[in-house]
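Student: Here is a sequence with its predicted model. Questions after.
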Amino acid sequence: MRVRRFEWDGAGNTANAIRAWTVADRPVVDVDPIEREVREGGDAALLELTARFDATERPLDALRVGLSDIARALTEIDPGVRNSLELAVANVRAVAEAQIDNEARRVDLPQGQNVTLRSVPVSAAGIYAPGGRAAYPSSVLMGAIPARAAGVNRLVLATPPGPDGRIASLVLAAAALCDIDEVYAIGGAQAIFALAYGSESIVPVDVVAGPGNAWVREAKRKVSGTVGIDSLAGPSELMVIAGHDSDPSWAALDLCAQAEHGAEGPLLAAAVEDAMLDSLAAATESAAAERPGVGDAPLALVRVPDTSDAIDLANAYAPEHLELLEEDAVLLADRVVTAGCVFAGRYSATAFGDYVAGSNHVLPTGGAGRFSGPLGPGIFRRKIATVEVPADAAAKLAPHVDALARAEGFPVHGESAMIRR
C-alpha cells in the first residue's frame, strides 16, 4: 500500500491534488490498431486477437458459446455459490425493476397542442464482463439484469476465455440465470469493437455496458456515438470517512478489499482526528501485508477540520464508492451529491454492494459521478416524444414559428407552419 498524507487546502484543491497523485503514472492506451483489425478482419481478426491478448493455450475454433454449454454450467458450479448468485439476482432485479416507469407522460399546453413522452427499450444490448484468468459472475449480473428489466429483447455477453480457451462455468452460470441470448468468448478492446461494429458471427448491438480495464475503457470511448455506452469506468475507487468511534480494523479491510482490484485503484480516507488516521494507516498496511491478493494501491490520508468538510471533500472528489463510518451516517448521506454509491453506517461495507445488496456495482469513476450515476435500466431505454398539434393550436403557434424561423434565416420553416393557419 502506497500511503501519503495530504494537507487540507479546501475541498476542491485537496481533491484535485489527490486525483493528480493517483493518476500520475497511468500508461497511455492506444486502441486504434485493434479497432482497424476488427473492422477489417471480422471473425478471423477476433480469433487472432483473442489468442494474442487473452493468452489462450488452446486456440478457439468459434467465438460463440453454445446454449447447451451455458445451461450445463448451472449444474457444474457449487450449490452454495449458485444459491448466493440467485440471491444476488433477486436483489439486483428488485432494485432495477423499481427504476422502470412505463407510463407515458402527456403535457397539455396552453395553445391547444400536446407533447407525450414515453420510454422504450433499445433492441439489443451488449454486456462486457472482465474475465480470462479470473471469473467475475457478479459483473454479468450487474449488466444483464438492468438490461432485462428495461425490456431489451436481445442480450449479448462478451467476456474473455481462460487459458484453456473456455469461459469459466461461474460466468456461464450467471449468464444462464440472467437469460442472456448470446455469449461470445472475446475480451478487451476487441470485444467492445465487435459488439459495436459486428462481424460475420456477431450482429451489432445498440448499447454497450459493463466494466473493464483501460483498453476496454478507451474502446468504449471510441465507439460512443456509434452505440450508446454506460460510462467510461476506470480503476475502482473507495473513499472512507471515519468518525471518532470507527473501528480502524474494519475500515482497513474495506480499503484492502478495494485494493484487490489492482494497484491503480485510488483509496482515500478522511477523518477529523490525526489519531484515527494514524490507526487506520497502520491497520491498513498491516492487513495488506498479510494478504497477497491486495494490490499496491495508493492510499491518501486527509485530516479535515470538521465532518462537514469531509462531505465537501467527497463531493469535490466524487468517489466511486463512499463509506460513511459515522454515527449519523444516514443524515450525512443526504448531503452527498456526487458519489457513485454511498454506504451509510459501520455495517454497510462496499463489498455488500459489489455482490448482493441489490445496488449496482458498475459505477462512475475518475470524478464522473459529477454527471453520471450507477448502471441501471435507464441506460438501456430511450425517450420518444410525440407531438400533436390540432388545427386551432397550429393557427396560434404558426406566427411565432414564422417569426423565429425568419430571425434564424430559415424562411421555409416559417412557410411550413404558416400554410397550416
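Tutor: Received the coordinates, thanks.

Student: element containing Gly132, please.
Tutor: Under the criterion of DSSP states H and E, Gly132 resides outside all helices and strands.

Student: ok, it touching Pro160?
Tutor: Yes - counting by C-beta atoms under 8 Å, Gly132 does reach Pro160; the two are 4.1 Å apart. In short, each C-beta sits where N, CA and C put it, glycine included.

Student: So which of the two has more stuff around it?
Tutor: Between Gly132 and Pro160, counted using other C-beta atoms under 10 Å, the more crowded position is Pro160 (26 against 19).

Student: Could I get the contacting residues of that one?
Tutor: In this structure, Pro160 makes contact with Thr50, Asp54, Pro130, Gly131, Gly132, Ile167, Ala185, Ile186, Gly187, Gly188, Ala191, judged by C-beta atoms under 8 Å, 6 or more residues apart in numbering.

Student: run the last query once more with 6 Å
Tutor: Neighbouring residues of Pro160 by C-beta atoms under 6 Å, 6 or more residues apart in numbering: Asp54, Gly131, Gly132, Gly187.

Student: close enough to count as contact, the second one and Thr159?
Tutor: Yes - counting by C-beta atoms under 6 Å, Gly131 does reach Thr159; the two are 4.3 Å apart.

Student: what is in contact with Gly132 and Pro160 at once?
Tutor: Asp54, Gly187.

Student: Output the longest helix belonging to this protein.
Tutor: Longest helix of the chain, by residue count under DSSP state H: helix 32-53.

Student: For it, give me every contacting residue.
Tutor: Contacts of helix 32-53 (C-beta under 6 Å, 6+ apart): 59-60, 63, 186, 188-190, 193-194, 197, 199-201.

Student: Could you find the lowest-pLDDT member of the contacts of Pro160?
Tutor: The member of those with the lowest pLDDT is Gly132, at 75.

Student: mind listing what it touches?
Tutor: Counting by C-beta under 6 Å, 6+ apart, Gly132 touches Asp54, Pro160, Gly187.

Student: Turn those residues into CSV, including distance to Val95.
Tutor: CSV is the format used below for these (distance: C-beta to C-beta, whole Å):
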residue, distance to Val95
Asp54, 32
Pro160, 28
Gly187, 28
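
Student: that older thread, more neighbours: Gly131 and Thr159, which one.
Tutor: Thr159 (30 against 26).

Student: What's the per-residue pLDDT of the more buried one here?
Tutor: Here, the pLDDT recorded for Thr159 equals 96.

Student: cool, Thr56 as well?
Tutor: Here the pLDDT value assigned to Thr56 is 68.

Student: and if you look at Ala51?
Tutor: The model's pLDDT for Ala51 equals 87.
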